[in-house]
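1. Kindly return the folded structure for what I paste below:
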Amino acid sequence: MPKPHLFFGLIIFYAASLAVPVMGTCPPGSGKPSPPNPLVTCELCGAGKYKIATGDALCTNCPANTMSPEGSSQEHDCVCNAGSYFSATTISCSGECPCPSVAPVSVVSSGIILSQTGPKYTNNLNCKWIISSDDAISVQFTRFSVENGYDDVRIETCTSSLCDTTTTLQRYHGGDYSLSRVFTSTTGHLLIHFRSDGAFTKEGFALQWSVADDSNVCELCVAGKYKIHPGNAECTDCMSGQYSAEVGAIACQDCPANKASPEGSTQVLDCVCKAGFLPQTDGSCVMIECPAGKTYAYANVVCTGCSCNEKQANDLNYPNNDKRWPGSISCGWKVSGNVAIILEQWGTHLQEYNSDWMWTCDKFSDPTMVCASPKGVNSIWVPSRTRGYSMNWRKSSTCIDCPVATYRSQDDVNTNVMCKPCAHNSGTDSTASTNVDDCKCNAGWSMLSQTNAVCSKCPSGKFKSERSHDACTRCPTEKFMSGNLSSIPRTVKYTYTKVV
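-> The predicted model follows:
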C-alpha cells in the first residue's frame, strides 16, 4: 500500500512505480489505469498515447501511423512513425501579394487568400499562390473587384507542386465573375494567378480555400520511398542502386550484384545490368569481356509520358497491340548509347534523330523487317500513336572499337573499365588503340618529360607539324613561329637600308 502524505490538508498517494502524484484527478500526461488497478489511481500515459486535460479520463491513442513518448500531454506530441510522413496542406507564394501562413505540421484545412491587405491592390502585380494537398482542393470567391478587361485572376490545376504544367479552370477579369461557383482540383495542386497592369486599381478579391479531408494525418511512404526515423519529415526517394516495393518502408533494398536502378525505384525489376555487364537467363549479370582496344557497347531507354518502363531489357510494349492508348496522351521512348541501335518486329512509325537531321522509316508491312540506324547514329525516338504496339530493340554489336584519342589496354580486359582518354592536347592515329603509348602529342605540342606525360605548347622559335612523340624542332634560319600553335614556320621578310 502506498504511503499517504499530508499536503495542504489533502491526502495524496504516490504510486510506488510512478513519478506522478495520484489524487482524485489525474494531471495532463497521465490517466486512470487500464485495466483498473486498485493500488494506483493515476498512471503515466504509455508510449503512443496522450492526455491533454486534468481529469480521470483514460489516455487517448495517437492517430494512425504515429507514436509519442511516455507521459505525453499534447496531441502534437504524436509524430509520424518511421516509414510514414505528415500529409499536410501547404501554400507557397510568389509576388508582392500577402501570403497566408500554414504551418508545416498543421491541421489547418481551410483559409482565405487576399489580393492585398489595404483598401486597394497596387499596379504591376504578378502574384501566385500554389495550394498542395493529398486531398481535393476547392476554392470560391467571397468578394471580387478587379479592373475589367485588364487585370485578371486565373484558377488552374497543376500536375505537381511546381505548377509548371497547368490546366485553366477559370479566368476572371472584371465583371464576368461569379461568387457562387466552386472550383475544385483533384490533382492535389491548385494555382491562383493574379496580374494587374500599370493603370487603374480596385478593391481586389478574397478567396476561400479548403481541402476535402479536415484532418491531416500521417500517411505511409509510397513504394520507392522510405523514412528511417520517427518524425513529421517527408519520405526520401530510394537512392540509385536501390529499390523498395514496400509501402511504409523504413529502408530500401540494394539491387542484386552488378545491377543498378534509378532513384525512387519501386521493384527489383527496375534493377538492370550495369554498363559493361550482360543479362543472363537466370537473371544475373556477367561482365562483358571485350579485348584490348575495344570497349563494351551500351544502350539505355528513357521514356516520357505513359506508364512506361525504363529498363535495359529489349522489349518496349505499351499497352499492347490490341488495345488503344488513353485519350490525349503523349509519350515515347528514346533508346540511346554508344552503338547503332536496331529495331525489329514493330509496325507503326519510327523517327530517328541525329544532330540536325531526321531519318524516318514508315509503316513496315512485314513485321519481321529490321530498321537499323545508320552508322554513327546512336539515338532513336519512338513516338506514340493511336494504337498500342510491341517492338524489340537491340544493340548492333557487343564490343566496339575505342574511339580516336582513347585506348584500352590488356590490363583492362578483365574489368568493366571503358576506353580511357588520352592526355590533354594529345590523341591517337586511329581507333582501337591498346596502349597509352598510342597517345601522341598533337601538332604544335610536345612532351617535355616522359615521367609526367604532359603535352606542352612548343616554345617561341620552335614548331612541330604533326602528331608524334617527337620534340619540337627549332625553326630554320630566317623563319619564325607565329600564333599560339607553333605548327607551321613562316618566312621572315627583311628590309635593308643602305648606310652611307
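2. Which secondary structure element of this protein has the lowest mean pLDDT?
-> Per-element confidence for the chain was summarised using mean pLDDT, DSSP states H and E. The lowest value among helices and strands belongs to strand 357-362, with a mean of 34.
3. From what I see, residue 144 and residue 180 are in contact.
-> No - assessed by Cβ atoms under 8 Å, residue 144 is found out of contact with residue 180, at 11.5 Å. To be clear about C-beta, it is placed using only N, CA and C from the backbone, and glycine gets the same treatment.
4. which residues are contacting the helix or strand containing residue 278?
-> Remark: residue 278 resides in strand 277-279, with elements defined by DSSP states H and E. Applying Cβ atoms under 8 Å, 6 or more residues apart in numbering, the set of residues contacting strand 277-279 from outside is 258-259, 272-273, 285-288, 312-313, 398, 416.
5. partner strands of it, parallel or antiparallel?
-> The strands that strand 277-279 pairs with in its sheet are strand 285-287 (antiparallel) (by DSSP bridges).
6. Give me the mean pLDDT for the partner strand.
-> Confidence over strand 285-287 (mean pLDDT, whole number) is 86.
7. Now the element after it, going C-ward?
-> As the chain continues past strand 285-287, the following element, by DSSP H and E, is strand 294-296.
8. Sheet partners, orientation included, of that next one?
-> Strand pairing for strand 294-296, determined by DSSP bridges: strand 399-401 (antiparallel).
9. So residue 144 and residue 180 - more neighbours on which side?
-> Taking neighbours as other Cβ atoms under 10 Å, residue 144 and residue 180 compare with residue 144 leading, 20 against 6.
10. Helix or strand: which one has that one?
-> Residue 144 belongs to strand 137-145, assigned by DSSP H and E.
11. and if you look at residue 157?
-> Assessed by DSSP H and E, residue 157 sits inside strand 152-158.
12. can you give me the strands in the stretch 101-250 of the chain?
-> Taking DSSP state E, counting those that start in this stretch as the criterion, the stretch 101-250 of the chain contains strands spanning 110-114, 126-132, 137-145, 152-158, 166-172, 183-185, 189-195, 204-211, 218-220, 225-226, 236-237, 242-243.
13. List the strands paired with the first one, with their directions.
-> For strand 110-114, the paired strands and their directions (DSSP bridges) are strand 204-211 (antiparallel).
14. re earlier: which helices and strands sit right next to the strand holding residue 157?
-> The criterion is 3 or more Cβ pairs under 8 Å, 6 or more residues apart in numbering; DSSP states H and E, and the helices and strands that strand 152-158 contacts are strand 166-172, strand 183-185, strand 189-195.
15. List the buried residues in the shortest one.
-> This means strand 183-185. Burial within strand 183-185, assessed by neighbour count using 16 or more other Cβ atoms under 10 Å, is assigned to 183, 185.
16. mean confidence for that strand?
-> Averaged across strand 183-185, the pLDDT comes to 93.
17. Begin at 42, not 1, for the rest of this chat.
-> Sure, I'll start numbering at 42, so the last one becomes strand 224-226.
18. Relative to it, what are the paired strands and their orientations?
-> The pairing partners recorded for strand 224-226 under DSSP bridges are strand 178-186 (antiparallel).
19. residues in contact with residue 462?
-> Contact criterion Cβ under 8 Å, 6+ apart gives 446-447 as the residues in contact with residue 462.
20. ok, 10 Å please
-> Residue 462 makes contacts with 443-444, 446-448, 468, 480, as judged by Cβ atoms under 10 Å, 6 or more residues apart in numbering.
21. May I see these organised as CSV, with distance to residue 195 added?
-> What follows is these, written out as CSV (distance: Cβ to Cβ, whole Å):
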residue, distance to residue 195
443, 55
444, 51
446, 54
447, 53
448, 59
468, 56
480, 60
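22. so where's the stretch 292-441 of the chain uncertain?
-> Using pLDDT under 70 as the threshold, the predicted model of the stretch 292-441 of the chain has low-confidence ranges 341-377, 382-435, 437.
23. Correction: the previous question concerned the stretch 442-541 of the chain.
-> By pLDDT under 70, the weakly predicted segments of the stretch 442-541 of the chain are 490-493, 518-541.
24. so where do the strands sit in it?
-> Taking DSSP E, counting those that start in this stretch, the strands of the stretch 442-541 of the chain run over residues 447-448, 461-462, 467-468, 481-482, 486-488, 496-498, 503-504, 514-515, 520-521, 531-532.
25. Domains in the protein, by residue range?
-> According to automatic domain parsing, the chain comprises the domains 42-119, 131-252, 339-437.
26. before we move on, the earlier item: quick one: buried ones out of the contacts of residue 462?
-> Among the contacts of residue 462, those classed as buried by neighbour count (16+ other Cβ under 10 Å) are 443, 446-448, 468, 480.
27. Report pLDDT for the residue nearest to residue 151 when sequence neighbours are not counted.
-> The shortest distance from residue 151 to any residue other than its chain neighbours is 3.8 Å, reached at residue 251 (Cβ to Cβ, 6 or more residues apart in numbering). Model confidence at residue 251, given as pLDDT, is 90.
28. measure residue 251 to residue 220 for me?
-> 16 Å (Cβ to Cβ, to the nearest Å).
29. Looking at those two, which has the bigger crowd around it?
-> Set side by side, residue 251 and residue 220 show more neighbours around residue 251, with 21 against 10, by other Cβ under 10 Å.
30. for the more buried one, which residues make a bridge with it?
-> Assessed by DSSP bridges, residue 251 has beta-bridge partners residue 151, residue 179.
31. ok, back up a step: right, so the helices and strands packed on strand 193-199: which one is the most enclosed?
-> Per-residue neighbour counts averaged over each of the helices and strands packed on strand 193-199 give the maximum for strand 230-236, namely a mean of 22 (mean count of other Cβ atoms under 10 Å).
32. and that strand with strand 207-213, angle?
-> Strand 230-236 and strand 207-213 meet at an angle of 50 degrees, taking axes from the mean of the first three to the mean of the last three Cα atoms, to 10 degrees as the criterion.
33. on contacts alone, who are the packing partners of strand 230-236?
-> Using 3 or more Cβ pairs under 10 Å, 6 or more residues apart in numbering; DSSP states H and E, the elements in contact with strand 230-236 are strand 131-135, strand 167-173, strand 178-186, strand 193-199, strand 207-213, strand 224-226, strand 245-252.
34. how about a cut-off of 6 Å?
-> For strand 230-236, the helices and strands in contact under the criterion 3 or more Cβ pairs under 6 Å, 6 or more residues apart in numbering; DSSP states H and E are strand 167-173, strand 193-199.
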